[in-house]
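Novice: curious how this folds, go ahead:
(4 chains, ligands or ions: 6)
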Amino acid sequence: MEAVAQKYKAKDYKSELKPIWCPGCGDYTVLNAITRALAELALPPEEVAVVSGIGCSSRIPAYTSVYGFHGVHGRALPVATGLKLARPELTVLVTGGDGDGFSIGGNHFLHACRRNVDMTYIVMDNQVYGMTKGQASPTTSPDWEGSKLTPEGTGINPFQPLVVGLASGANFIARVSSSDPVNMAQIIVEAIRHPGFSLVQVLSPCVTFRPEQAEWRDIVRTAVVDYTGDAARAARRLMTDDGFNVGKVLFKGERPPFRPEFEVTDGSVAQLEARFSL
Amino acid sequence: MEAVAQKYKAKDYKSELKPIWCPGCGDYTVLNAITRALAELALPPEEVAVVSGIGCSSRIPAYTSVYGFHGVHGRALPVATGLKLARPELTVLVTGGDGDGFSIGGNHFLHACRRNVDMTYIVMDNQVYGMTKGQASPTTSPDWEGSKLTPEGTGINPFQPLVVGLASGANFIARVSSSDPVNMAQIIVEAIRHPGFSLVQVLSPCVTFRPEQAEWRDIVRTAVVDYTGDAARAARRLMTDDGFNVGKVLFKGERPPFRPEFEVTDGSVAQLEARFSL
Amino acid sequence: MTVHSVSLVIAGSGGAGVVTAGSLLLEAAANAGWYAMMSRSSGPQIRGGEAAAMLRFATEPVMSHDDSFNLLMAIDWENIGRFSAEIPMVADSLIVGDPAHGDAPAALLNGKPRQAALAMTDIAGRIENGRPNMVALGAIAALIGLPPEAMQAVVEKNLKRKGQAAIAASMAAFHAGVEAAADLPPIPRLPAISAAAAPRWSITGNEAAGLGVIRGGVRFVAAYPITPATEVLEWLAPSLAKVGGTLVQAEDELASINQIIGASYGGVPAMTATSGPGLSLMIESLGLAVAAEVPLVVVNVMRVGPSTGIATKSEQSDLNIAVYGLHGDAPHIVVAANSVADCLFTSQWAVHLAEAMQVPTIVLTDQAMGQSRAIIPRPAELAFIGQRETAKQAVEGERYKRYAVTASGVSPMAIPGTPGLTHTADGLEHNEFGTPSSQASDHLAQMDKRSRKLSQFNYGDHWADIEDFGSGADDAPQEVPLGDTAIITWGSSTGPAREALQRFSDAGGKARLISIRLIAPVQPERMAAALKGIRRAVIVEQSHSGQFYRMLRAFYDLPAETVSLHQGGPLAFGPARILEQLNQWSA
Amino acid sequence: MTVHSVSLVIAGSGGAGVVTAGSLLLEAAANAGWYAMMSRSSGPQIRGGEAAAMLRFATEPVMSHDDSFNLLMAIDWENIGRFSAEIPMVADSLIVGDPAHGDAPAALLNGKPRQAALAMTDIAGRIENGRPNMVALGAIAALIGLPPEAMQAVVEKNLKRKGQAAIAASMAAFHAGVEAAADLPPIPRLPAISAAAAPRWSITGNEAAGLGVIRGGVRFVAAYPITPATEVLEWLAPSLAKVGGTLVQAEDELASINQIIGASYGGVPAMTATSGPGLSLMIESLGLAVAAEVPLVVVNVMRVGPSTGIATKSEQSDLNIAVYGLHGDAPHIVVAANSVADCLFTSQWAVHLAEAMQVPTIVLTDQAMGQSRAIIPRPAELAFIGQRETAKQAVEGERYKRYAVTASGVSPMAIPGTPGLTHTADGLEHNEFGTPSSQASDHLAQMDKRSRKLSQFNYGDHWADIEDFGSGADDAPQEVPLGDTAIITWGSSTGPAREALQRFSDAGGKARLISIRLIAPVQPERMAAALKGIRRAVIVEQSHSGQFYRMLRAFYDLPAETVSLHQGGPLAFGPARILEQLNQWSA
Ligand SMILES: Cc1ncc(C[n+]2csc(CCOP(=O)(O)OP(=O)(O)O)c2C)c(N)n1
Ligand SMILES: Cc1ncc(C[n+]2csc(CCOP(=O)(O)OP(=O)(O)O)c2C)c(N)n1
Ligand code: SF4
Ligand code: SF4
Ligand SMILES: [Mg+2]
Ligand SMILES: [Mg+2]
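Specialist: Ligands and ions are numbered 1, 2, ... in the order given. As a prediction, the model looks like this:
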């Protein structure tokens, strides 16, 4: 970011609360990137809201200094939808995990992509339920035997968030790695700026229950192609990639965001009542 | 179907109950096609189960003579999943509507595709909530103004069931029209025979709340290309088609169905208890 | 013979236009200066099929259906027998059928009603574009004393777009029916009332609930359709648009409840409407609204349970889930409307309560009142506007306490957009700042606060409708009741209870009605005052297990002699059954 | 000074191995012929952070924690003050800390406990591979009278894989701790018991619940993780595999409840486990299981509510949702375990009840018992195996009635695969065949049947544990109780209540314990018998609003003098608070 004095610094968007996260958790970087992005956008903290569900990653709101809402497991997107529709002038971010967003919250994910309300959804994908101490999430590979709940592995193909997001109509799709917070901040800036529903998948390792994810840092590579606006083409790309192409926007759509008409006529409650009058 | 005497006739799979459907409803044809398909497969009625949620289309089970389960709105797929996993020898069908399956039931749809349990899901898509008297469903076009709930149209892009099904891992995908019950029956036969999760979208008009769908009969055309087993290619095709290519299988995958190991060792409850003994 | 009220049913299959005929009659009754109520019943078919419109007309506002009907006018008989339990016909009753359609089904004849024939098809056939249902209406009008002018005005209004010829044809059929009625045996008639009567509305309970929340200030609604609540939402969609609000259709009830949580957190009063199955799905997030202290209103239009039950029929059996359904100790508000008209008051009041206390509020209505249309006196203006205590200004050097422990239990809420007061609202247990805490002391402080704000609020007299019946009864209930007997009831059972009490007092009895509107939090002191001097009570409700009775037992001291009258839906209590209990005591 | 029980806490931060130390101690205690119970508490961090292991040792089975602890052994002090409310230290108590880590936090000193120093770090440092927590264990063993051999055996077993050197190092540190304890002030000691004592198990409540359902016949489990129920599922996953069953991880609780409905409809007894938020999401489909009459078991391990509340702490506040949470009138079964050991009995019984009556059954346990490990006497074999009444053979010329109205209310169920008995199970109201019906008569018949099957079942003596305390008390409760006082309680509150009664009777008092296991359906006749001769009752529960008390009031006739002792979580009732109430009466 530029050297000139900014109106806000990243730390202006941080609260004093000490995260409950394990040392080394990828989510620290995400918190940093979000605060950097907000500083870059110079948004007054009171005009930003961060909404989340439940999970380690869903703890983000309270660690920021903006308005936060920490709801129940899997329901962050509808809360954010209601908030943004009722208060279109706010900048609304949603943060959460792969379990919160793609397991219990899968239906809202589908319909949020489809509805295309102007908000940015940042999913910290660690391919595990961290908060409940290490069970397989939808993005976990079928042969991971680290969970007591599925000691032989789940045997189920992983959920592909970006492909499903695209198929459902997300208007902006990117994948980033928590090992590159500066790039992540830039992509979040873009995501927030892009109208409609923006989806940012963050590869954010869980050092405690998936220690092998420390390797991600070395596996990830910057995606070679630039984004496309053609959904069918993006779909083919995403369906054939291995999940480690990061650092770039992968799809940008042009659909106008959903914003119901607040057709403020000169109507009054009295007029509504008149219709019942005999 | 063949002229030789069959073990079962389609009518053997019908119950005596008179459907509550409106005269002309597309669902009558679907009921016929399902019973034809079962006859073709010569499955003993007691070895078949049809599971559904709530909606006009979800009434199918009671109109058949097989085992039926009519559950709550949106939850047919998990019921069927539990049933099939517990009783792998049964043939399990799931029938329902676009609202039941893609609105309230969307999350189970995603995960059923992904989990790939061996069953066949037949969705009667009429782009409306028939049972509750005509509201927009996820597949309704954004500018349909026929619902009092969304008198200006929903303004939301329609859900693309086959694209999302494919993106989530469905192992067999087809689209058929209720105007061609013979073809539909054949495709249902194929779907049942194909291992894993099979998705059959039926364009099944709601004559009451979407009378304009009477035109579908004339609009639909038999898909020109044959199915592919390449998901990325299928995705591109499905994302660019207009939804009226019917009568053919569109995708067939080779993923083995999910069937948890019932590792029946010589284990006994006593052995489990021994682990607590001091 | 003129009476206070006349009850009749118009029934027929499919295209018979039963409901249209009923609606015309209702409107005509209003023109005649009467009050009226109309409910509907129909077969299982999605569209078409048999239907019955049950109407009651009276010279005073109609609160309930009668125990039986004076008249059944059957356009045809197809499957009409299916309604027999809902339309009791007694010896005095008159069944009129069209000979062209054969005989009345036996199921309708158990009470040995009188029978008569009206050749509706024939008569209509003789008039160009004449329809049997208009002939039926003519006969009905003649039988019950409805002036033809009253119908003329309605037909003109409703058929205006179809042109003069259509109006003429309809009225010709109507008048032919009036004439033909001369040959029919009489049924009770209502006296005509001056048309200059008090101003009146025609409204359903579902519309009234929608209007109520708009009056209360709701401007964001999330919707997922479900019978019999859909009309609340369908009425709201275009109406909200007219007053600067919006309705969004959600993907399911989990989404709709969370959308309104989001909107309300954003400062816009919000609501949704649903029925039992949908309410079940909202339970977890209602708890979130309790813990995070987000005001909202859920109108739950009850239908027959359990599970999918009977979607189109009424029962008062969601009391338990509404009051006790949330996990943990989760204080919230439950209010119940007790008539079509009261749907307006109660839902408006609900917005006021929710906003004032930052708490989710469930409004219970039911299919019987929600889908019934009534002619009611024009409702009063109400002062209940949602008014949330907000924090507007940061205090220098002080960190904002979203969940400040205050004497009232209400903590001023900062709305996003307010500088200096950013915070995170949380469903996890938290301290005053909203920071998650697992300390017993924080849990206790917040639990106390969340229950205190409800217990200390002044609900005024609205907690219940208390009415004394019997000579000497005044408008306002007396300090000491006239008799020593009370009916305690709620919701839709209030109408029949009121009517039973009216009959009881007409026969010289004295008793008190207590119809509870504020179901939770309970009001033991107010109840004790209302029960002072009461020795005997009968608890009336439409639930198989007596949910209301059990709840009263749990929280109130009831008179030593208390009888629980409960029955599951869909049949409502007739006033007679309640009266029987009262009479038993006075015998 | 030897006593019946000794209570102690081991606390420390992060890697201090507090929980490991506690577990070793627990096992060693078993070797010494003692009984024991261990619960845990930890800070908000996902991993690491401060932790405390609370242990109580006794010569008889341990039912509850004591009011205070005899000893706190702190490996270090970091954030340990946070536990002060959970680990009351009184004047008699001894706090032992390591001088290397400074002073004890003030929050722990309110009760003015004695303090002493033990240089664990130093001592351990002098031993190769010596660890401070083993030094602590040595000191504890010496203080409470645990024979070193008992620990030797445990260390050998647990470190076998690490080799002889590791064992030697650990035992060296342990013995150094034993020696160093000579300088510490004394605390109460337990007498050693012959190792040839009755056979014993070491088990947690969550494991016991898992074992119970497997014993009852469950072979299909659907799972969605949630604290503090996850261990039930994690224990079941590999265990089911060993007995020919299976566990499937579902996408959410809506899916898990419906998966088990499907499996059970398929004839395989099925269950899931969850906690408050998950139970909320299952509510709608529990109603489906009621209406469609599908047996299943849900083990709900309660945590602090409302909403997400405090996931890791205990409260008895899901009683309401479990009993009343379903919409409509939806009769089902709710049972509650009242100790770690009883989790086994009650969950096994639950499978039996669910299958016998084709009804969903909720088992309530809680975090306190679910996540506590206890040394218990080996549980008895139980005859409760799920046995469903099935229809096996079509009757010529008769259509199968899935929902036949029978005297018992139970209708023989045809399992898919059975020829000639195909039918559709339905959550819509239906007639006997299962055909949807909106007739009041069908609704009533099915409602009656569904409630009759629960009310007519013979639950035997298991509905409650009834125990008389006081001289003359026998094993079996007397026809007429010894005293005129009773404690009525349930679940985790039973342990402290039992202990209070023990102390009360040790001091010459007489009173009765009624711990209700069968929460719903209620058993008014059995309760009336149990309360015969009782004039005073105290109701004990861990809920802010007194849910259990209100439920008792709603359904039972309680003694005229009834006191409700209720408090929200996470702090459990100490026996002393209950005893105080008893003493107040006897004074
Ligand atoms: C209704 C409900 N079900 C289950 C839980 C338990 N739970 C809390 S967080 C979580 C999973 C979190 O996983 P993810 O979203 O991937 O977040 P992470 O902790 O990995 O960042 C679960 C299952 C809950 N809080 N509520
Ligand atoms: C939890 C719940 N919410 C809402 C409903 C009301 N409902 C019944 S069917 C239905 C929609 C059915 O639409 P679809 O699945 O497309 O079936 P169709 O009638 O069009 O065949 C709805 C919303 C319900 N029964 N349960
Ligand atoms: S458990 Fe995993 S996801 Fe959670 S805080 Fe620790 S490292 Fe991060
Ligand atoms: S309403 Fe539509 S979907 Fe339902 S039965 Fe009638 S035509 Fe079919
Ligand atoms: Mg995760
Ligand atoms: Mg549909």
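Novice: so what's C:Ala119 up against?
Specialist: C:Asp98, C:Pro99, C:Ala100, C:Ala180 (Cβ atoms under 8 Å, 6 or more residues apart in numbering or on different chains). From N, CA and C alone the C-beta is placed, and that goes for glycine too.
Novice: can you read off the pLDDT for the third one?
Specialist: Read it as C:Ala100. The model reports C:Ala100 with a pLDDT of 95.
Novice: in this structure it contacts C:Thr121, no?
Specialist: Yes: contact status for C:Ala100 versus C:Thr121: in contact at 4.4 Å, counting by Cβ atoms under 8 Å.
Novice: thinking again about what came up before, just the buried residues from the contacts of C:Ala119, in ChimeraX please.
Specialist: Entered in ChimeraX, the line below selects the buried ones among these, by 16 or more other Cβ atoms under 10 Å in any protein chain shown:
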select /C:98,180
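Novice: in helices, which of the contacts of C:Ala119 appear?
Specialist: C:Ala180 (DSSP state H).
Novice: put together TSV for the contacts of C:Ala119, with distance to D:Leu247 on each row.
Specialist: Output for the contacts of C:Ala119, formatted as TSV (distance: Cβ to Cβ, whole Å):
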residue	distance to D:Leu247
C:Asp98	64
C:Pro99	68
C:Ala100	65
C:Ala180	73
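Novice: how many residues are close by C:Ser471?
Specialist: 10 (other Cβ atoms under 10 Å in any protein chain shown).
Novice: list the contacts of it.
Specialist: C:Ser471 neighbours (Cβ under 8 Å, 6+ apart): C:Ser505, C:Gly508, C:Lys510.
Novice: for the first one, pull up the helix or strand it's in.
Specialist: Following DSSP states H and E, the helix or strand that holds C:Ser505 is helix C:494-506.
Novice: what's the very next helix or strand once past that helix packed up against?
Specialist: The helix or strand immediately downstream of helix C:494-506 is strand C:511-516, counting by DSSP H and E. Here strand C:511-516 is seen to pack against strand C:464-469, strand C:485-489, helix C:494-506, helix C:524-530 when contacts are counted using 3 or more Cβ pairs under 8 Å, 6 or more residues apart in numbering or on different chains; DSSP states H and E.
Novice: which residues of the stretch 101-250 of chain C score low on pLDDT?
Specialist: C:195-197 (pLDDT under 70).
Novice: need phi/psi at the residue in the stretch 51-200 of chain C that ligand 1 sits nearest to.
Specialist: For the stretch 51-200 of chain C and ligand 1, the shortest gap (Cβ to the nearest ligand atom) falls at C:Glu86, measuring 41.0 Å. Backbone torsions for C:Glu86, taken as degrees, to the nearest 10, come to phi -90, psi -20.
Novice: and it, what is it in contact with?
Specialist: Here C:Glu86 is in contact with C:Ser41, C:Ala52, C:Met54, C:Pro570, C:Leu571, D:Ala440 (Cβ under 8 Å, 6+ apart).
Novice: what's the local residue count around C:Met54?
Specialist: Neighbours of C:Met54 (other Cβ under 10 Å): 23.
Novice: please read the previous query as pertaining to C:Val363.
Specialist: Considering only other Cβ under 10 Å, C:Val363 is surrounded by 31 other residues.
Novice: assign it to helix, strand or coil.
Specialist: Put simply, C:Val363 is strand when judged by DSSP: H, G, I helix; E, B strand; the rest coil.
Novice: report the contact partners of C:Met120.
Specialist: C:Ile75, C:Asp98, C:Ala100, C:Pro132, C:Asn133, C:Val135, C:Ala136, C:Ala139, C:Gly177.
Novice: same deal with A:Pro158?
Specialist: A:Pro158 neighbours (Cβ under 8 Å, 6+ apart): A:Gln127, A:Pro138, A:Thr139, A:Thr140, A:Ser141, A:Pro142.
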